[in-house]
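**Student:** sequence and predicted structure below; questions after.
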Amino acid sequence: MPASPAGVRLTQYAHGGGCACKIPPGELEAVVAGLTGDTADGALVLGGEDGDDAAVLRIDGGRAIVSTADFFTPVVDDPYDWGRIAAANALSDVYAVGGEPLMALNLLGWPRDALPAELAREVLRGGRDVAMAAGCPIAGGHSVDDPEPKYGLAVTGIADPGRLLRLDGGRPGLPLSLSKPLGLGVLNARHKATGEVFAAAVETMTELNATAARQALERGVRCATDVTGFGLLGHLYKLARAGGVTAVVDAAAVPYLDGARQAVRDGFVPGGTRRNLAWVAPHTGFGRIAEEERLLLADAQTSGGLLVAGEIPGAPVIGELVPRGRHVLMIR
């Protein structure tokens, strides 16, 4: 059974894995309602009630600061890969609003009496290598002694406040493109249960969303989000709700990683995936879409791709935005 270099299965030290361990979206929205607010001068461009991927603060006419933090429990057993995945996932929040990462800080929780420090070093090394590939130096950070291992980054970036990718920028007639395949949640659940390694899933999770974001900005796209713990349907619901439109998804056009369907059939479905589906179901017209397909569309992703209201090279078009109808989401 594959494991980490020290023979330790990191996923067994956590109750959940990756972005599937997020607080359920409906519960989270109730907790934070009314607790975010703009500055007196209106300089906070993003970071309010819509739940954009990162906060954006205008500092002068042509510049804005982007700020985000993201961390989670182990999604894979290999510590170096976990570090890479967590770093790529945190950096994605900056790309998802059209920003460029400048600097990051490590966020590390470590059960120092249960796991050797050498594994923590491997996690940090993985994060450093992905951040270096993004041109984003890591300058220290913060650590705590924690019963569960957790890792991620706080990232600071920069953006043009006039060329942002926003949740509320969707308009009827725009196509929907997805830059990475789905299925990461169910494959990670299988990995946690069996130790089976899915190299394509690791490659997908460690891929930066920098190119997709740059291509979107070059083509004048003004609406996007990344697909992480709330699944494609959860993040698309937030996007359509913010823009006052209905999102129509062509289920047959959505790409999946090899093995994802079989993982669902074999029962490897994260709790986060089921919670995502329960959250969006009252707002979604599923038609004749079967339960297996619904779960895959709601699957809790870790370091997933960009969902773009527009077209970018290499990303399949999976649907479109239309005027608001009876449902916020429609699956056909």
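**Tutor:** Perfect, I can see it now.
**Student:** for the residue nearest to the spatial centre of the chain, what are its contacts?
**Tutor:** Among the residues of the chain, the one closest to the centroid is residue 228, at 2.5 Å (CA atoms, centre = their mean). Residue 228 sits next to 19, 22, 89, 92, 235, 300-304 when contact means CB atoms under 8 Å, 6 or more residues apart in numbering. (Glycine included, C-beta is placed from N, CA and C.)
**Student:** switch the residues you listed over to JSON lines; also include distance to residue 64.
**Tutor:** As requested, the contacts of residue 228 are exported to JSON lines (distance: CB to CB, whole Å):
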{"residue": "19", "distance to residue 64": "26"}
{"residue": "22", "distance to residue 64": "26"}
{"residue": "89", "distance to residue 64": "22"}
{"residue": "92", "distance to residue 64": "18"}
{"residue": "235", "distance to residue 64": "22"}
{"residue": "300", "distance to residue 64": "30"}
{"residue": "301", "distance to residue 64": "27"}
{"residue": "302", "distance to residue 64": "27"}
{"residue": "303", "distance to residue 64": "24"}
{"residue": "304", "distance to residue 64": "25"}
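**Student:** from the residues you listed, which single one is nearest residue 110?
**Tutor:** Nearest to residue 110 among the contacts of residue 228, counting by CB to CB, is residue 89 at 18.5 Å.
**Student:** how close does the closest one sit to residue 57?
**Tutor:** Going from residue 89 to residue 57 by CB to CB, to the nearest Å gives 22 Å.
**Student:** try residue 216
**Tutor:** Distance, residue 216 to residue 57, using CB to CB: 21 Å.
**Student:** and the two? Which one has more around it.
**Tutor:** Taking neighbours as other CB atoms under 10 Å, residue 216 and residue 57 compare with residue 216 leading, 27 against 17.
**Student:** the more buried one sits in which helix or strand?
**Tutor:** helix 210-218 (DSSP states H and E).
**Student:** give me the contact list for that helix.
**Tutor:** Contacts for helix 210-218 (CB under 8 Å, 6+ apart): 91, 95-96, 98, 134, 163, 165, 179, 224, 305-306, 308, 310, 312-313, 315.
**Student:** tell me which of those residues is nearest to residue 123?
**Tutor:** Nearest member of the contacts of helix 210-218 to residue 123, counting by CB to CB, is residue 91, at 15.7 Å.
**Student:** which ones are touching the closest one?
**Tutor:** 101, 104, 130-131, 134, 136, 153, 155, 208-210.
**Student:** out of those residues, who's the most crowded?
**Tutor:** Busiest of the contacts of residue 91 [other CB under 10 Å] is residue 153, holding 31 neighbours.
**Student:** now it: how far from residue 285?
**Tutor:** Residue 153 is 38 Å from residue 285, by CB to CB.
**Student:** for residue 186, which non-adjacent residue is closest in space?
**Tutor:** Counting by CB to CB, 6 or more residues apart in numbering, residue 263 is the residue found nearest to residue 186 once chain neighbours are left out, at 4.0 Å.
**Student:** can you tell me how far the one you found is from residue 317?
**Tutor:** 25 Å.
**Student:** neighbour count winner among the two?
**Tutor:** Between residue 263 and residue 317, residue 263 has the larger neighbour count (other CB under 10 Å), namely 24 against 15.
**Student:** my read is that one is in a strand, agree?
**Tutor:** No: if the criterion is DSSP: H, G, I helix; E, B strand; the rest coil, then residue 263 is helix and not within a strand.
**Student:** isn't it up against residue 188?
**Tutor:** No: at 9.2 Å, residue 263 does not count as touching residue 188 under the criterion of CB atoms under 8 Å.
**Student:** count of residues packed around residue 300?
**Tutor:** Going by other CB under 10 Å, the residues that sit close to residue 300 add up to 32.
**Student:** mind checking how far residue 283 is from residue 246?
**Tutor:** 10 Å.
**Student:** and the two? Which one has more around it.
**Tutor:** Between residue 283 and residue 246, residue 246 has the larger neighbour count (other CB under 10 Å), namely 22 against 15.
**Student:** just the element for residue 56, please.
**Tutor:** Counting by DSSP H and E, residue 56 is found in strand 55-60.
**Student:** who are the packing partners of that strand?
**Tutor:** strand 44-46, strand 63-72 (3 or more CB pairs under 8 Å, 6 or more residues apart in numbering; DSSP states H and E).
**Student:** mind putting these into JSON lines with distance to residue 322?
**Tutor:** Shown next, in JSON lines, are the helices and strands packed on strand 55-60 (distance: least, CB to CB, whole Å):
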{"stretch": "strand 44-46", "distance to residue 322": "25"}
{"stretch": "strand 63-72", "distance to residue 322": "30"}
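**Student:** among those strands, which is nearest residue 279?
**Tutor:** Using CB to CB, the nearest of the helices and strands packed on strand 55-60 to residue 279 is strand 63-72, at 19.0 Å.
**Student:** tell me the mean pLDDT over the next helix or strand after that closest one?
**Tutor:** Remark: after strand 63-72, the chain's next helix or strand is helix 79-96, criterion DSSP H and E. The pLDDT scores in helix 79-96 average 98.
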